[in-house]
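**Student:** predicted model, plus sequence, below.
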Amino acid sequence: MRSFFKRDNIWLGIGIALVIPVIMYFLLKLINLFTGEEHILQNSTMQLIAVFINLLPFRYYLIRLKADKTGRGILLVTMVLALVYFYFNIEL
């Protein structure tokens, strides 16, 4: 299983980049729920943190593992998620 995540595959990058923000978003929702105060973080802030947490595996795969295809998959999904975030949360 350990070597599974060390592959250089664009589909692995896309999968990682889709799963990590979802997990991070729900962790932030749980933190927001259990703190006792009403809204420590706004929903848009939690979404933004969840999208840009992808920079950590992106850097890991490009710098540490030299896995360019996996890094491209992560970057592709991160850019799409960032555009979706801006479309729904930025008011002109």
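**Tutor:** Done, it's in.

**Student:** ok, residues contacting the stretch of helix or strand P57 belongs to?
**Tutor:** P57 is part of helix 55-59 when elements are defined by DSSP states H and E. Outside helix 55-59, the residues that touch it by CB atoms under 8 Å, 6 or more residues apart in numbering are I16, A17, I20, G71, I74, L75, T78. For every residue, glycine as well, the C-beta is placed using N, CA and C.

**Student:** immediately after the helix or strand encompassing the third one, which helix or strand?
**Tutor:** The one in question is I20. If you go by DSSP H and E, I20 is part of helix 10-34. Next in sequence after helix 10-34, counting helices and strands by DSSP H and E, comes helix 43-52.

**Student:** what about that next one, distance to the chain center?
**Tutor:** With CA atoms, centre = their mean, to the nearest Å as the basis, helix 43-52 stands 9 Å off its chain's centre.

**Student:** pull out the buried positions in that helix.
**Tutor:** Buried positions in helix 43-52, judged by neighbour count with 16 or more other CB atoms under 10 Å: M46, Q47, L48, A50, V51, F52.

**Student:** follow-up on the earlier one: K6: which of the contacts of helix 55-59 is nearest?
**Tutor:** The shortest approach to K6 among those belongs to I16, at 12.0 Å (CB to CB).

**Student:** quick one: contacts for the closest one?
**Tutor:** F5, P57, T70, G73, I74.

**Student:** which of those residues are buried?
**Tutor:** The buried subset of the contacts of I16 (16+ other CB under 10 Å) comprises P57, T70, G73, I74.

**Student:** between which two of those residues is the distance greatest?
**Tutor:** The distance between the two most remote of these (CB to CB) is 10.2 Å, for P57 and G73.

**Student:** so for those two, which residues contact both of them?
**Tutor:** With CB under 8 Å, 6+ apart, P57 and G73 have common neighbours I16, A17.
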